[in-house]
Each structure stands twice: as C-alpha cells, then as structure tokens.
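A.B. asks: Predicted model follows, preceded by the sequence.
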Amino acid sequence: SPPLPPPSPLRSNSPTPPTPHHHSHRSPHSHHPPSLSPAPFPIAPTPTGRRTTTPRERARGDPKTKKRAQEAMQQSLLVPGMAKRGKQDCGLMTSLLCTVSALALVTAGGLCLRSIQGSAQLESGLRTAAQPKMMTMRSFLQATGYNPMQAMRSPLRESRRSSGLEASAVAPELLEPVETKKDMSEPRFMWQALREAVDEEMERDPNVMIMGEDVGHYGGSYKVTTDLYKKFGDLRVLDTPICENGFTGMAVGAAMTGLRPIVEGMNMGFLLLAFNQISNNCGMLHYTSGGQYKVPIVIRGPGGVGRQLGAEHSQRLESYFQSIPGVQLVAVSTPRNAKALLKAAIRSDNPIVFFEHVLLYNLKDTVGGPDEVQSLEKAEVVKTGKDITILTYGRMRYTVMEAVKDLEARGYDPEVIDLISLKPFDLHTIKNSIAKTNKAIIVEECMLTGGIGASLSAEIHERFFDMLDHNVIRLSSQDVPTAFALELEAATIVQPEQVVSAVEKVMQATA
Amino acid sequence: DFVRGKIRSKMLSRVLRRAAAFPTRNTMAPMLKRHMSSETAKIEFTPFKGYKLDEIPENTVEATKEECMTYFRQMALYRRFEIMADTLYKQRLIRGFCHLYDGQEAIITGLEAALSYNDSLITSYRCHAHQISRGDTPANVYAELLGRSTGCSRGKGGSMHMYMKKNNFWGGNGIVGAQVPLGAGLAFKHKYTGDGGINVTMYGDGAANQGQVFEAANMAALWKLPCVFVCENNQYGMGTSVERHAFNSDFYTRGHYIPGLWIDGMDALAVKKGFEFAKKFCTEGEGRPLFIECQTYRYHGHSMSDPGVSYRTREEVQSVRKGRDCIENMRNLIIEHGWAEADELKAIEKEIRKQIDEAVKEAKTSPELPVDQLTLDIYHNEVPKFIRMIDEQTSMKA
C-alpha cells in the first residue's frame, strides 16, 4: 500500500517552513547598546560629542559661533556619558537627567556584562557612573571582552585562507567523524535524505563531486551538504564564488571529461543567469558532437513559491527549461523519492535538472537504503481511484492530498498521480489512468502561460482525446510576479478549495 | 565620400602604426646571416611582452629545418582548406555560418608544436584548423561542413560544432565566450586527476569583454587551475575594431591578478616558444592560470556573410598580407637559410592543393544521415521512447 502522505505544509497547520540555515551563535556584534530613555529636550544633532564649530571659527572667537558651541554643549550634556571639557553650568535638571540616564545605561550594560564576567564588573560599572566617560563602541566591546583581531584569526577563517584546495580529490583521512548512519526505518527530513543520497553516491564513485555557493564550509543554505567537506575535501565539495554562468559552464566542461558534478543553485531562480550554459552547452552538446560527449550533470536546487520570499526568489523554472532538448526534468516531493531520484540522477548519463521545493525540506519520512533508486521517467501513483485523474507534482501534491480529504468526504474517489518526470512525461501511466477514469485535471505551481500544465494538457488532448469525457482542466498559478504580502501570495498559487471546486465541476458536468 | 576618405586615412595611419610597431621578418632579412644548408639556425622574432611575470622567454629560438618545413606545410594546408571552404560556401554547398581562420594559422601551428594531446584544447566557432590539427582529416571536416554523416558530429554540428574527443579537443562553440567557463572545467579535471596536462582555452578579442571570462579567471586563480586563457586578437570583434570595443586593448593584462604574456601571433616560432613557456608556467607547483594574447589578423571577414571591408580598408588587408603573412614569413625564412628552394615550396603548395581537392571530392560523395536518425543522440541511452515531430500525424514511434 502506498505510504501515508506526510502532513501537508500549508498555512497555520503546518510546521514552520525552513528559513535558510543561519549560524545561530550570538556574536558580540549582535549586542546593541540599550536605547536611551527619551529626553524631554531635543537631543544634540551630533550626539557623539563632535564639535560643531571649525577650528578657525573657534580661533576667531566669533561670538555667534561661540553661542552655537555653547548651545551644542548644553544639549549634548543631555546625552549621558559624553565627555565635556571645561566646566559648564549644567543646571540641576540636566545633571539629574544625566546621572539617571547614565545609571540606567550602565545598569542595563551591567546586566549584560554580568552574564559574561560576573558581578565584579557590575560594581565597576556602577563606579563609572559617577564620572560618565566617553563611551565608544570600541570601549563598550572591549568591556564585554570581544577582541576583533582574535575573532579574525578563528580556525575556520584560517582554513579558508590556506593555499588553494587539497591536491587530492578525496581527503586522505576524516577531519572529523561525520554522524553515523541512522537506522533506515527512522524518519528523517528531506534535506537529510538528499544529503544521504549525495553522501552515498560520492562514496560510491570518486568522480562525483558537488559544487555551488556555500555548499562546503557553510554546509549548504538548506543544509543538504552539511559537513560533507570534512569527509570528501574541499575539491569534491567545492565552494564557488557567486558566478552562476561561470561555474555552471565549468561544471559542464568538467562533465564532458567524465566527472559527474552536481551543481547546487542556491535558489532555482539564480540559474536564469546560467541559462545559456544549461541550454546550449548542457542540453545540446551530446547532439552537436554527434554523441561524442555526454554531460552527466545534475543541476539541483530549491524553487517554487515559498513563504513570502518575494517575486525573484519564488520562481518556477521548470516552465523555462522544459523546451530545452536534451535535458531531463525531475521534480521531487517526498524524502523517499527525493533520495531515490537524486541517486538515480547522479548515476544517469544525461543532464538532469532536479527541482526541489523550498517548503518541503522539513518534511519527515522514512527513506530507502543505499541501493534504492527510482526511475527518472516514471510517475508515482499517490492514490488510486476511479472517478477522476489528478495530475500534479512537487508541493502541489500536498495541496491535492489536502483537497482529496474533502473530496472523499463528498463521496468522490480521485486518482492522484505525482508526475515526477516533467520531461519527458510518463504518458504510459497517464494513459492507463485516463483510460480508467476518463477525466483529468492538472494541478501545478507553474504559471498558466507556457507552464508544464500547458504542455501536458496539449499532449493529453492530442493523444487521448477519444478517452476523455471532459476537457482537461488546468489549475496553475496566476501570471503575476509573486507578491510579498501573505494573502496576495496565497492568491497567486492554487489552494485546496480550488481543486475541490474544479473536481466537483468536472464530476457534475459528466455525471 | 569625404567621411570615408577620413576614415580610410585614419585606418591607414593605424595600419601603418601597427605595421611599424612590429618589425617583420622581411625587414629583418638583412640582419640574418645566410647559412648554406645547415640544419639549424638561430631565429630572432618580435620580443614577448609580460604582465606581472618575473621573467619572460627570450625572443630567439633555435629552429631546425624539419621543424620549419613542417610548419610551412601545416600552415599552407590550413590556408588552402579555408580558401576552399570559401569557394564551397559561395557555391552554396556550405550554408549558414562559416568562420574562416586564414591569417591566423600560425597560432594553432605553434600551439600544437609546443603541446601534446594530453593537453586539452577548446576554442570558439573559428575551429576548422583546430579540428584538423587535433587529428581529423580534411575530408571529414569538409563532410561536417557539408552536413554529411562522415563528419565528426555526423553532420549535426556544422561549422561551429566540431569535436575530437579522443585527442582532447572540446570544440567548436557557437556562443561567444561560453567556451571559457567550459575551459575552466577542463582545467579542473586536469587538477582533479593530476594528469599533468594543461588546458588551453581560446577566445577572440570580442569575447574578452564577456563577463564569464572573468568569472572563469577568478575561479582558475582561486583554485589554482592549470588553464591558459588565450585571446586571439585579430583586431576586430566582428565589425568593431579593438579601439572601439575595448577600453583596455592589452588583452594579456585583462587577467588583473593573473600574469599575462603577449605573443606575436603571425610567427609560428614565437607562438611555439610562448606556449612552451605557458606549459612550464601552468604546471609549476599546484598549478596556476596564465593569460596569453596572440596578436594576429584575419583576411576574411568575421564570417562568410561579412565581406570584411565595411569596417576596414582593402589596403589594410593587403598590407598585412604582404608584410606580415605567417606563410610568407616562413617561406622567406626557409629560403634565407637555404633549406629549400622557392620551387620546392611551390611544389609543396601544389601538392596540398591536390590533397584538398581530393578531400572535397570525398566529402561531396559521402552520404547524409537518414532522416529517421534525426532524434539520435538527444539523450545518452535514448531515454524518451517518443519524440513528437511537427504534428501528431507524422510523429514517429520508437
């Protein structure tokens, strides 16, 4: 029986979608001096205590400038901790405010200090309140014990500044033990499943290497390559500079010679910069060389609409790449098929563009072993049924399964097929399904114009016209750049209610 | 007319400036001693120019008779090949794009003399001579130009897509500059496997302005890849002269942090010496990249659809042909040193002419690929079982 679908990552029920992996340690830089209480007087225009008069003006002894200087000094007294030269008649009010604010600042600072250096510091802090000192950022940081020069000499930075890469492609010994393999029956995140696939394939074949922005020492922006550089070295887990066109071309050149590079695009949208290399060199080299060169490359990365990532980071590139002759497009949806398909893609001799989805990285499910690979050209039947065929892929699989719950409650029995292979389509499975149900709808995340659904709809109509009782309904995203606002973003992509209403419409029309 | 006259005089003065800047073998002839039938000779050529290089090679070389005769023969072959391709194009047997290499033969000749087939080579669309130098026969190259199945790409590539896998030649690339990151990938493979070879990535002065060149250069310097970036500066990026398209026309300095070497690309011996230096330089230590600029000239236009006279004068082309032609220089050199008589060399050229004529004949009679093999080689292992043709009715099923 097909495995139960993992919980759908939709709206309020969902676990928090993964944000790009950031180091969570707190650096001294993240401590800002606590904000000052608002003063009833206008704060000096140069609260750092910088003089507002030029030396010439002061030397000239211009009465107007003198007055201006006096005013500035008066006002800067309001900001505690600012050193003043010479005696000024502050007045009671200002001096009181001064002390109070200074105390407040220092106490707050002292609370922070205490967590680092104990109560002795607090006492010295209180002592300094009596004579407010010029507090600069540097002195504040020094008080907390942060030494920038020492921080710059951290071991990680040292290793990055070392002379080039390791000469041998495979590291001679483990720099640090990588986590041991978990039991296969334990569910794991999709990013862990992808990581296992890369790890196992790199172990199996020394020609496999992975390259991309921040895949090495940073661990991958979606944690897919965490710690792999410790096992395989800097040459096989290659941190590239930010030049997609350049490094994708480099990967294609390396692939032509027999290496099997995996190119990680930090976000699929960035691969638009590498479109020339993907289309002309990657896709067409095997053909234009008359079969001399194969390009066994895998270009993978997250795409699709995330959670308020903005228009440029929510692109669906499968619609742009689908016309390139010579590439295969694969879209994964569960940890199990992600691992199996990535292994198959790495072992394949053709260029594969491997679409993951930003919101699916934290899905948990069991995965297969080191030898489980899945065919890159076959679709997955998620749920069998007899009433209507729903064709989908990627994250929309979960939208559809959400809608299926509602449809089942209404008494319908849909068959859900996850396309997996976006180029070429698995027309065999699709045909068998439509022969059974005679109705089909396509639910995709691509835009309406020129999307995967557009091609698939045309194919189904042309080939299986006689089997259809109703035209194929195509539910796609709106032809708009993805808005930032949450509600607008939700309105651009297909929601489960729309799937339910489309299925109902088709069922009622053909009843 | 007035404007054209002004342009012409400007061009002429530029030509004269260019010609004067590089003393030719002809003007240096009185300086060379006449050796009667001795096998080697010390030849002096235009000095190299270096950028961020501690030492550059000397501008003299001990050339042997055999060597010079071989170079003469090779360059004459490439020249004749391109001229015949011109004829075939005008007979409309070759169609589409055809970019000819005549005038620039010395570069590929010197390069191949210095390097071996262990070193990978990749270049742009001006690749006919490279295909021959990397082991393909003129007949097969003509077959590819004519779209026949005996070509290296079975007729599916054409003029711009010629490859010779077994001899480490990676094409033949249509998009300007796109071969440079590919070349960095080839150099990466040399580093990955440690096979001691270097990669030579060739591009033109027009491509030197592409962003991906600098991306590849950054990666090559960062990861110490043994990659030689060779700019074949033939003075024109299609119809735009170097002064009008490049702010910095010293292309060997464009590597910024990567050292560079300037070579007189009209002299095969200079090119050979320069690439011997490049091989040593790039394989030193962990490996490092190098920029090379070969100053050269093309007699034809950018391609066969470009007459080549709208942006330069015929006088300029003629003056380069007379004063700096690589084959003429080699011919004079050989005669100067008494290694062969003028008629001998003419006989060699005649023989080459016959060889090329036979190659053309063979190519013309070779068969075309049948239409049902149109969809062959899209994927390795023939993945999709169905490729849809123009419409559903005429689609083929596997």
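C.D. replies: On my side now, so go ahead. Numbering: from 1, shown residues only, chains lettered A, B, ... in the order given.
A.B. asks: Name the helix or strand for B:Tyr142, please.
C.D. replies: If you go by DSSP states H and E, B:Tyr142 is part of helix B:138-146.
A.B. asks: Quick one: residues in contact with that helix.
C.D. replies: B:77, B:81, B:84-85, B:88, B:93-94, B:98, B:128, B:131-132, B:149-153, B:155, B:157-159, B:162, B:355-356, B:358-360, B:362-364, B:366 (CB atoms under 8 Å, 6 or more residues apart in numbering or on different chains). Backbone N, C-alpha and C define where each C-beta goes, glycine included.
A.B. asks: try 6 Å this time
C.D. replies: B:81, B:93-94, B:128, B:131-132, B:150-153, B:159, B:359-360, B:362-363, B:366 (CB atoms under 6 Å, 6 or more residues apart in numbering or on different chains).
A.B. asks: before we move on, what SS does A:Val263 have?
C.D. replies: Per DSSP: H, G, I helix; E, B strand; the rest coil, the secondary structure class of A:Val263 is strand.
A.B. asks: Equivalent analysis for A:Pro302, please.
C.D. replies: For A:Pro302, the assignment made with three-state DSSP gives strand.
A.B. asks: what's it in contact with, if anything?
C.D. replies: Counting by CB under 6 Å, 6+ apart, A:Pro302 makes contact with A:Glu356, A:Val358.
A.B. asks: Recalculate using a threshold of 8 Å.
C.D. replies: Residues near A:Pro302 by CB under 8 Å, 6+ apart: A:Tyr222, A:Asn267, A:Met268, A:Glu356, A:His357, A:Val358, A:Tyr361.
A.B. asks: I figured the fifth one hits A:Arg307, correct?
C.D. replies: Going back to what we said before, that points to A:His357. No - in this structure A:His357 lies outside contact range of A:Arg307 using CB atoms under 8 Å: 11.6 Å.
A.B. asks: Where does pLDDT dip in chain A?
C.D. replies: Flagging of chain A using pLDDT under 70 yields the residue ranges A:1-55, A:57-62, A:65-66, A:69, A:72, A:75-135, A:137-138, A:140-182.
A.B. asks: Spell out the residue ranges of the strands in it.
C.D. replies: A:188-189, A:208-212, A:237-239, A:260-264, A:298-303, A:328-331, A:352-357, A:364-365, A:380-383, A:388-392, A:414-418, A:421-423, A:440-447, A:473-477 (DSSP state E).
A.B. asks: Can you name the residues in contact with the second one?
C.D. replies: Looking back up the chat, that one is strand A:208-212. Residues outside strand A:208-212 that contact it (CB under 8 Å, 6+ apart) are A:169, A:198, A:201-202, A:220, A:225, A:228, A:232, A:235-240, A:247, A:250-251, A:254, A:259-266, A:301, A:346, B:192.
A.B. asks: angle of that strand against strand A:298-303?
C.D. replies: Interaxial angle of strand A:208-212 relative to strand A:298-303 (axes from the mean of the first three to the mean of the last three CA atoms, to 10 degrees): 40 degrees.
A.B. asks: Direction included, what does strand A:208-212 pair against?
C.D. replies: Looking at strand A:208-212 with DSSP bridges, its partner strands are strand A:237-239 (parallel), strand A:260-264 (parallel).
A.B. asks: Need those in CSV (columns: mean neighbour count and distance to B:Ile292).
C.D. replies: As requested, the strands paired with strand A:208-212 are exported to CSV (neighbours: other CB atoms under 10 Å in any protein chain shown; distance: least, CB to CB, whole Å):
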stretch, mean neighbour count, distance to B:Ile292
strand A:237-239, 23, 26
strand A:260-264, 28, 27
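A.B. asks: Let me know which of the ones you listed is the nearest to A:Val382.
C.D. replies: strand A:260-264 (27.0 Å; CB to CB).
A.B. asks: isn't there a strand covering B:Val230?
C.D. replies: Yes - under three-state DSSP, B:Val230 sits within a strand.
A.B. asks: Quickly note the distance from it to A:Val416.
C.D. replies: For B:Val230, the distance to A:Val416 equals 56 Å [CB to CB, to the nearest Å].
A.B. asks: same check, this time on A:Ser323
C.D. replies: From A:Ser323 to A:Val416 the distance is 27 Å (CB to CB).
A.B. asks: Any regions of the stretch 251-398 of chain B where pLDDT drops low?
C.D. replies: Scanning the stretch 251-398 of chain B for pLDDT under 70 picks out the ranges B:382-398.
A.B. asks: can you give me the helices for it?
C.D. replies: For the stretch 251-398 of chain B, the helices defined by DSSP state H, counting those that start in this stretch occupy B:268-282, B:314-324, B:326-336, B:342-365.
A.B. asks: quick one, which of the ones you listed is packed in tightest?
C.D. replies: Neighbour counts (mean count of other CB atoms under 10 Å in any protein chain shown) averaged over each of these peak at helix B:268-282, with a mean of 24.
A.B. asks: Can you confirm whether that one lies near chain A?
C.D. replies: No - using CB under 8 Å from any CB of the partner chain, helix B:268-282 never reaches chain A; the gap is at least 13.8 Å.
A.B. asks: Mind giving me the packing neighbours of that helix?
C.D. replies: Applying 3 or more CB pairs under 8 Å, 6 or more residues apart in numbering or on different chains; DSSP states H and E, we find helix B:268-282 packed against strand B:60-64, helix B:65-90, helix B:105-114, strand B:227-233, strand B:260-264, strand B:290-295.
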